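Trainee: Predicted model and sequence follow; I will ask about them next.
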Amino acid sequence: MFLTITKKLSWLAMLLVLGFSNPKVTPQKLQTNPSFLNIGLQKYLQSLEKKGFSGTILIAKKGEIIVHNAYGMSDKSRGLKNGKKTIYDIGSVTKQFTAAAILKLEMHKKLSVNDPISKYFVEIPMDKKEITIHHLLTHTSGLVASIGSDYEEISEKDFLHRVFASQLKSDIGEKFRYSNIGYSLLSIIIEKVSGMGYETFLNKELFRPSGMQNTGYRLPNWDSNSIAKGYSKKREHKKPNEEHWGKDGPFLNLMGNGGILSNAEDLFKWHTALLGNAILDKKAKEKYFYPHIPEDASGESFYAYGWVHMPFGPGRTAIWHNGGNGIFFGDFWRFVQEDVAIIVMSNKYRRAKDDVIAEKISTIIL
C-alpha cells in the first residue's frame with residue numbers, strides 16, 4: 001500500500017503568484033463572483049474525462065453538495081459506468097478511521113495515546129519498548145514502512161515477529177517516517193482493547209453513527225455491481241474485495257493502514273459527522289487534527305493523526321489525506337472553517353495527474 005502524499009505546493013505557489021500577490025485580485029473578491037467560479041469549475045471538470053480520469057468526484061460547501069459527478073467505467077467488460085454510488089478502494093484514507101477509533105477508545109478511558117505499545121504486546125525488544133501509540137499515529141516510531149505485500153497471507157504471530165525483529169529506520173520520536181505497519185499495530189490494539197474485530201469496532205462506533213452504510217471491508221451488504229474494478233494501462237484488475245483476503249478482510253499487511261472500501265457519499269457523511277462532536281468530542285478532535293510533526297525539514301506540511309495539516313494561503317488550513325495502491329486512488333480534502341469537502345475517488349490511477357485534482361478544485365472554489 002503506497003501513499004501518494006505529496007506536499008502539493010506547486011499549485012499553491014501558482015495561486016499565490018496569480019492571486020495573492022496582486023492586490024486587485026484577492027480571495028474575497030474571487031469568492032463574490034460565483035458565475036466566474038462556476039464557469040471555471042465547470043470547464044475544469046469537463047476536461048477531466050477527456051484527459052482519461054475514471055472515478056467519482058464530490059464537492060460540498062456549507063452542508064450542500066454542489067458537484068457530484070462520475071466519469072469512466074467501473075467494469076469495461078460488462079459495459080458498466082462509474083456512478084455516484086460506486087465503491088472504490090480508498091487506500092491510506094483508511095488511516096483516519098484507525099486514528100479516530102483509537103481516540104474513541106481514549107474517550108471511553110480504555111487507553112491513552114501516551115501508552116507504550118509494550119502495554120499491549122509481549123516480548124518487545126529493548127529498542128522498541130519506548131514506542132507509544134502517539135508515535136504510531138504520527139509515523140514517528142521509526143518502524144519500517146511495510147512488512148510483505150498487500151495481499152500476502154500472514155498470521156498475527158508471524159506479523160508481529162517480523163515487525164519487532166526489523167531494524168528501526170530512525171530513533172523513536174525523532175522524525176516523520178511513513179510506516180504502514182504502525183497503523184496495522186494500531187488495528188491490533190483496537191481489537192485487544194475493545195474485544196471486537198477491527199472492522200466491527202469501526203462499524204459500531206464510527207460508520208453506523210455517521211450514517212455510513214457503504215464503508216468497510218466485509219461487513220457492508222455489498223451489491224457486487226456497485227464495486228469498481230481497477231484498471232491500469234494494460235490490465236483489468238480484480239475488485240478489491242475479490243483479492244486474497246481473510247474471512248475478516250485483508251491480512252495485517254493492509255489491515256488498519258489501507259484497503260477500506262467506500263464511496264463519495266459516505267466520505268461526505270464522515271466529513272459532516274466530524275463537524276459535530278457526536279463521534280469525537282472537542283478534546284479528541286483537537287488531537288486528531290493537531291499538526292503534531294513536520295513531514296519534512298521545510299515545515300510546509302504536518303502530520304496529524306491520520307490526516308495531513310497544511311497551510312493553504314493566508315489564514316486557511318487544508319486538512320487532507322490521500323492514498324492508493326497504483327490502481328485505485330482516493331483523495332479527501334477538508335476546509336473546516338469554510339465547511340468545504342472535496343472528495344476524489346478513482347479506479348484508474350494516473351500518477352501526478354489524479355494527485356492534484358482535489359487541490360486544483362480547491363484553488364477554484366476557494
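Mentor: Perfect, I can see it now.
Trainee: List the buried residues in stretch 109-121.
Mentor: Residues of stretch 109-121 classed as buried by neighbour count (16 or more other Cβ atoms under 10 Å): Leu111, Val113, Pro116, Ile117, Tyr120, Phe121. All C-beta spots, glycine's among them, are computed from the backbone N, C-alpha and C.
Trainee: Ok, stretch 284-299 next?
Mentor: Ala284, Lys285, Lys287, Tyr288, Phe289, Pro291, His292, Ile293, Glu295.
Trainee: Name all residues that make contact with Lys239.
Mentor: Ser224, Ile227, Ala228, Lys229, Gly230 (Cβ atoms under 8 Å, 6 or more residues apart in numbering).
Trainee: can you put the residues you listed in a markdown table and add secondary structure and distance to Lys95?
Mentor: Listed next are those as a markdown table, based on DSSP: H, G, I helix; E, B strand; the rest coil; distance: Cβ to Cβ, whole Å:
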| residue | secondary structure | distance to Lys95 |
| --- | --- | --- |
| Ser224 | helix | 27 |
| Ile227 | strand | 21 |
| Ala228 | coil | 21 |
| Lys229 | coil | 24 |
| Gly230 | coil | 20 |
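Trainee: Quick check: of the residues you listed, which has the highest neighbour count?
Mentor: Ala228 (32 neighbours; other Cβ atoms under 10 Å).
Trainee: Now do the contacts for that one.
Mentor: Going by Cβ under 8 Å, 6+ apart, Ala228 touches Ser74, Asp75, Asn82, Thr86, Ile87, Tyr88, Lys239, Phe328, Asn347.
Trainee: okay, these in JSON lines with distance to Ser187, pLDDT and secondary structure next?
Mentor: Formatted as JSON lines, those follow (distance: Cβ to Cβ, whole Å; pLDDT from 0 to 100; DSSP: H, G, I helix; E, B strand; the rest coil):
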{"residue": "Ser74", "distance to Ser187": "28", "pLDDT": "98", "secondary structure": "strand"}
{"residue": "Asp75", "distance to Ser187": "30", "pLDDT": "97", "secondary structure": "strand"}
{"residue": "Asn82", "distance to Ser187": "29", "pLDDT": "98", "secondary structure": "coil"}
{"residue": "Thr86", "distance to Ser187": "26", "pLDDT": "98", "secondary structure": "coil"}
{"residue": "Ile87", "distance to Ser187": "21", "pLDDT": "98", "secondary structure": "strand"}
{"residue": "Tyr88", "distance to Ser187": "21", "pLDDT": "98", "secondary structure": "strand"}
{"residue": "Lys239", "distance to Ser187": "22", "pLDDT": "96", "secondary structure": "coil"}
{"residue": "Phe328", "distance to Ser187": "20", "pLDDT": "98", "secondary structure": "coil"}
{"residue": "Asn347", "distance to Ser187": "25", "pLDDT": "98", "secondary structure": "coil"}
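Trainee: Taking those together, which two end up most distant?
Mentor: Taking Cβ to Cβ, the two most distant members of the contacts of Ala228 are Asp75 and Phe328; they sit 14.0 Å apart.
Trainee: who's more crowded, those two?
Mentor: Set Asp75 next to Phe328 and count neighbours by other Cβ under 10 Å: Phe328 wins out with 26 against 19.
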